[in-house]
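>>> Here is a sequence with its predicted model. Questions after.
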Amino acid sequence: MTLFTLDRRIRCCLIQLYGYLQPTNAEPLSIETLASAIGNALPSAIVDLQILGNYQTAAEQNNLLATIQASKYDVIGLSCPQGTYEIASTALRFIYTSPDPPHVVLGNALPTSLPDLFLTDFPHVLIVRGWGETAIVTLCRQIAENCIQLEAVPSLTYLDTNGVRRDTPIEYTEEPAIPSRIEPTRYFARVEASRGYHYNVCTFCSCPPLSKGQPTWRRFDSRVILAQVRQLIEAGITTFTFADEDFLGNDPEGALDLAQKMCDFPGLDFALSVRADNTVNLHGSRDENKLRLRVFQTLKKAGLSLVFIGVESLVASQLQRYGKGISPEQSITAIRLLETLDVELELGLILFDPLLTLEELLTNVEMLEVTGFWRYAGSLFSFLRPQVDTPYEKLLRKRHLLGALKPDTADYEAIYADAHIGEIARYCLEWNRRFKHFYMALRNVDRSEVGTSHFVEEVHSYRYTQLDFLRTLLAYSYEDLDSYASDVGSWHKKVASIAQDINYRLSSISEKTAAESFLSRVILRLGI
């Protein structure tokens, strides 16, 4: 689908890859933003956007790649988030079968974390580390001027003519371009109000690379943010999510200013993510916390209907291990405040990590029950992934608990220090193997239709079934867990019953959303 067709100088194709971690209706914001940046800098360029996902058949993928190859592009860019290593490798092998391949650029989380993995198999590929507008525009301009100097392209990793890896200095654009959105009504829209991580020291997070002195988090000018909202409204879209890791950051004044301006748009329905201590700061002044409360009240007035809050755990020792910098009391206070707004809530949890103790897991389950927060658990059977080059990865390596690298997700397998916890985790991982895709599709319907989902009760029913299953596992001793194996099927039947009820209700919906249609296909694959 061509976005820019002015006098041709160079031809680019940007491809968004989708793996099992990406909902099929998630907007391809990465390539939309890059396309707009190229178009603004080089108006004569032709930029085509394409989607390549594991939800497509092999024949569909091959046909698309053949069409791309036949189009003789000057530049092909692949956006490779976690979970897309295999499909990225397939696409690269196909592209490099051409006797005169184009310049191929990789971006997003996987190549940023694992550049050498790609360079080993594909030595001619160019890798953009972190956000890539400045890098892709510079490269395209060099190609258009027939004067390629890779050492002058910022944020780039590549192999020189001697096969030596080169890394150019990281450089980011000050303000993003307004995305060139493709088929806006097909996708769940996203708006960027900031980039980066205000806190930026969690031990399990793989953060974008930064040059010395660059801020770890920055909010964009409200004019840029509001222009994105207007763009969606003009396309008939009022439901969207903010893509920010932390909407408030350390700038509640800026968040309030934006919230007040968004109140001028009628009928908005949006979601966002926050840290617990940026919702309520127990160490902050009364005036500061009144300001933060006012931000959320104003956001609610503007159309806020779902808040994702990264809690991870309700146990102090685990939070300390995660480097979260918050206490369980802070999280509970923040959640209670958000409950008063009458919006949907979703908690980011990481209940399982390789250093988890039985006492920590018991306490987490008890706290989720006592508070009732299990209803908000985004993923109850959630496992810390020791990601490449994170402090937690180094901690496990030191403890000799680190296993093999998993390139598809840029993390490592790991051994549980406590064998009992390891067995409980094995049962929960098996649960996820059976039902995670179903739950992710169901949860995506709930999140994509913020404030209007048909299946909120079913989401809660699934979460309670998980909680009950985990509670039952914890009632068995390590020695007796094997004897419980024959009873697991009864729990699986409870999930199957939930899926059957959902499928029946879906069958009565004549015009399904993209998320609902995908959920129907996932239930069909379950064979229920």
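Arrived safely, thanks for sending.

>>> buried ones in stretch 222-238?
Buried residues in stretch 222-238, counted by 16 or more other C-beta atoms under 10 Å: 224-226, 228-229, 231-232, 237-238. From N, CA and C alone the C-beta is placed, and that goes for glycine too.

>>> and that stretch, average pLDDT?
Stretch 222-238 shows a mean pLDDT of 95.

>>> Quick one: list the elements packing against the strand or helix carrying residue 366.
Following DSSP states H and E, the helix or strand that holds residue 366 is helix 358-371. Under the contact criterion of 3 or more C-beta pairs under 8 Å, 6 or more residues apart in numbering; DSSP states H and E, helix 358-371 touches helix 316-322, helix 328-339, helix 419-448, helix 456-475.

>>> Just give me how far that helix sits from the chain centre.
Mean-position distance between helix 358-371 and its chain equals 27 Å (C-alpha atoms, centre = their mean, to the nearest Å).

>>> Now that helix: average pLDDT?
On average, the pLDDT along helix 358-371 is 97.

>>> Next, the buried residues of it.
Going by neighbour count (16+ other C-beta under 10 Å), the buried part of helix 358-371 is 360-361, 363-365, 367-368, 371.

>>> residues touching the closest residue in space to residue 391 that isn't next to it in sequence, list them.
Once flanking residues are discounted, residue 391 sits nearest to residue 203: 4.0 Å by C-beta to C-beta, 6 or more residues apart in numbering. Neighbour list for residue 203: 321-323, 390-392, 395 [criterion: C-beta atoms under 8 Å, 6 or more residues apart in numbering].

>>> Let's have those in TSV, adding pLDDT.
Shown next, in TSV, are those (pLDDT from 0 to 100):
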residue	pLDDT
321	97
322	97
323	95
390	94
391	94
392	96
395	95
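
>>> Tell me the one among those nearest to residue 39.
residue 390 (35.8 Å; C-beta to C-beta).

>>> So the closest one sits against residue 113, correct?
No. Between residue 390 and residue 113 there is no contact under C-beta atoms under 8 Å: 9.6 Å.

>>> Mind listing the shared neighbours of these two?
Residues touching both residue 390 and residue 113 (C-beta under 8 Å, 6+ apart) are residue 206.

>>> What count of nearby residues applies to residue 471?
Neighbour count for residue 471, taken as other C-beta atoms under 10 Å: 14.

>>> That one and residue 365 touch, don't they?
Yes. The criterion here is C-beta under 8 Å, and residue 471 meets it with residue 365 at 5.9 Å.

>>> ok, of the buried residues of helix 358-371, which one's closest to residue 454?
In terms of C-beta to C-beta, no member of the buried residues of helix 358-371 lies closer to residue 454 than residue 368, at 25.4 Å.

>>> How about that closest one, nearest residue that isn't a chain neighbour?
Closest to residue 368 by C-beta to C-beta, 6+ apart is residue 374, at 4.3 Å.

>>> tell me the secondary structure for the one you found?
helix (DSSP: H, G, I helix; E, B strand; the rest coil).

>>> count of residues packed around it?
When neighbours are counted by other C-beta under 10 Å, residue 374 registers 21.

>>> Over to the one 4 residues further on?
Residues lying near residue 378 (other C-beta under 10 Å) number 18.

>>> Can you verify my assumption that it contacts residue 348?
Yes. Using C-beta under 8 Å, residue 378 is in contact with residue 348, at 5.7 Å.

>>> Are there residues contacting both of the two? Which ones?
residue 308.

>>> that older thread, right, and out of the buried residues of helix 358-371, which lies closest to residue 513?
Nearest to residue 513 among the buried residues of helix 358-371, counting by C-beta to C-beta, is residue 368 at 30.3 Å.

>>> how long is stretch 475-495 end to end?
21 Å (C-alpha to C-alpha, to the nearest Å).

>>> in it, what's buried?
For stretch 475-495, by 16+ other C-beta under 10 Å, it's 488, 491, 495.

>>> quick one on the thing from earlier: take the helices and strands packed on helix 358-371 and lay them out in a markdown table including distance to residue 57.
Output for the helices and strands packed on helix 358-371, formatted as a markdown table (distance: least, C-beta to C-beta, whole Å):
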| stretch | distance to residue 57 |
| --- | --- |
| helix 316-322 | 40 |
| helix 328-339 | 42 |
| helix 419-448 | 17 |
| helix 456-475 | 29 |
